[in-house]
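Visitor: What shape does this take:
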Amino acid sequence: MLATAENPVAASAGISARLLESMVRIRMVEEAIAAHYPEQQMRCPVHLSIGQEAASAGVCAALRPDDLAMSGHRSHAHYLGKGGDLPAMIAEIYGKATGCCQGRGGSMHLVDLKAGFVGAVPIVASTIPIATGLAFADRQLKRDRVTVAFLGEAATEEGVFHESVNFASLHQLPIVFVCENNLYSVYSPMSVRQPAHREVWQLAAGHGVVSHQGDGNDPLAVYALARAAAAHARSGQGPVFLELKTYRWREHCGAGFDNHIGYRTEAEYLAWRERDPIKNFERRLKASGEFDVLRHEQFKARVETEISDAFAAAQRAPFPAGASLMNHVYAAS
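Guide: Next up, the predicted model:
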């Protein structure tokens, strides 16, 4: 069995500032994307994680640099949390040759192998079997490494999720499946997709996988769960599934807001805004005396410059050369 997750307070020594800064940086980057998106220079779809930052920050803080991660269409936060290169990400969203996929993939095809972020693919659940394969290879080659597969709750409705979790359970693979349950698949709530008497984490538990549910808006709670999960998987005891309850603030796809469509109520949205993972964590750290105002302001100033430089570089960068159109499409032989 997975060891009981550490007390979040005990787990917080030396990590609180790192978690806060990770969340703030992710939000600042995504708010900058939202601000620039109407300029019509970023022509790929964007799926923002604003409101969900604690999940990616907490999980990635629990990983080692050599651990691996994969994600789906809403992947900016996971890429950044794992240490992905920001200028390469912004350039990719602009479709430029300096992007992490040379401008060929856009927002939903991020990759940074140096950071251990193996990739993101927009097709729902499609990276789950790839991540499972990575863990299987590590098990076969006896590598001391953990793979994290980030997914949304809608991915648990795909057959390949069950096949992958079953395979991981059968072979006791060093993988952690992290489900960010933000309650909606595009505009469809949980109530029309999954039975009310069943929780998402129970799907993985049914395959014999150690499974836990946690508050995806509490970065310390996420960190404690992820740290225990990674240790469990790394020790050879098999996979772990974490369901983290959270909520996206902005529209499913795009830089705006979509509450006016009517698929969710304004009251629900505002209630989740009150659970803002960043503001609430700042209050918590101030109350405990852990919040360093000067450090925080200096950090935000550095990130603002970093973001500004990344956007300026992306806007200056060239598009891929037309002659390269067929590169990487077919094998050479």
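
Visitor: Walking through the stretch 101-250 of the chain, point out its strands one by one.
Guide: Assigned by DSSP state E, counting those that start in this stretch, the stretch 101-250 of the chain shows strands spanning 117-120, 147-152, 175-181, 184-185, 188-189, 210-215, 240-245.

Visitor: Ok, which of those comes nearest Leu86?
Guide: Of all the strands of the stretch 101-250 of the chain, it is strand 117-120 that lies closest to Leu86, at 12.2 Å by CB to CB. C-betas here are computed from N, CA, C, even on glycine.

Visitor: quick one: contacts for Arg43?
Guide: By CB atoms under 8 Å, 6 or more residues apart in numbering, the residues touching Arg43 are Gly95.

Visitor: so which strand or helix has it?
Guide: Using DSSP states H and E, Arg43 sits within no helix or strand.

Visitor: shaky segments in this protein?
Guide: When residues are selected by pLDDT under 70, those of the chain lie in 1-13, 333.

Visitor: Please name the nearest non-neighbouring residue to the residue sitting nearest the centre point of it.
Guide: Centroid-nearest residue in the chain: His78, 3.2 Å away (criterion: CA atoms, centre = their mean). Nearest residue to His78, sequence neighbours excluded (CB to CB, 6 or more residues apart in numbering): Ser71, at 4.3 Å.

Visitor: separation between Ile90 and Gly99?
Guide: The gap separating Ile90 from Gly99 is 8 Å, by CB to CB, to the nearest Å.

Visitor: Check which residues of the lengthiest helix in the chain are buried.
Guide: Using DSSP state H, we find that the single longest helix of the chain is helix 293-316. If you call a residue buried by 16 or more other CB atoms under 10 Å, then helix 293-316 has these buried ones: His296, Phe299, Val303, Ile307, Ala310, Phe311, Ala313, Ala314.

Visitor: And for stretch 29-46?
Guide: Going by neighbour count (16+ other CB under 10 Å), the buried part of stretch 29-46 is Val29, Glu30, Ala32, Ile33, Ala34, His36, Tyr37, Met42, Val46.

Visitor: and these, which of them are in helices?
Guide: Val29, Glu30, Ala32, Ile33, Ala34, His36.

Visitor: Specify which member of the buried residues of stretch 29-46 is nearest to Ala115.
Guide: Using CB to CB, those come closest to Ala115 at Val29, 14.9 Å.

Visitor: That closest one and Leu86 touch, don't they?
Guide: Yes: with contact defined as CB atoms under 8 Å, Val29 counts as touching Leu86 (6.7 Å).

Visitor: Now list whatever residues contact both of those two.
Guide: Common contacts of Val29 and Leu86, defined by CB under 8 Å, 6+ apart, comprise Leu80, Ile307.

Visitor: Quick check: neighbours shared by Ile90 and Gly99?
Guide: Shared contacts of Ile90 and Gly99 (CB under 8 Å, 6+ apart): Ala314.

Visitor: Now do the SS call for Arg64.
Guide: Of the three states, Arg64 takes coil according to DSSP: H, G, I helix; E, B strand; the rest coil.

Visitor: Distance check, it against Leu141.
Guide: With distances taken as CB to CB, Arg64 is found 17 Å from Leu141.

Visitor: More neighbours: which of these two?
Guide: With neighbours defined as other CB atoms under 10 Å, Arg64 and Leu141 compare such that Arg64 has more, 12 against 8.

Visitor: Could you count how many residues lie near Arg193?
Guide: 13.

Visitor: As JSON lines, the strands of the stretch 101-250 of the chain with distance to Leu134 and mean neighbour count would be great.
Guide: Formatted as JSON lines, those follow (distance: least, CB to CB, whole Å; neighbours: other CB atoms under 10 Å):
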{"stretch": "strand 117-120", "distance to Leu134": "7", "mean neighbour count": "23"}
{"stretch": "strand 147-152", "distance to Leu134": "5", "mean neighbour count": "28"}
{"stretch": "strand 175-181", "distance to Leu134": "8", "mean neighbour count": "29"}
{"stretch": "strand 184-185", "distance to Leu134": "25", "mean neighbour count": "18"}
{"stretch": "strand 188-189", "distance to Leu134": "30", "mean neighbour count": "13"}
{"stretch": "strand 210-215", "distance to Leu134": "19", "mean neighbour count": "20"}
{"stretch": "strand 240-245", "distance to Leu134": "16", "mean neighbour count": "26"}
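
Visitor: Tell me how far Asn259 lies from Met89.
Guide: Relative to Met89, and taking CB to CB, Asn259 is found at 28 Å.

Visitor: More neighbours: which of those two?
Guide: Taking other CB under 10 Å, Asn259 and Met89 do not tie; Met89 has more neighbours (26 against 16).
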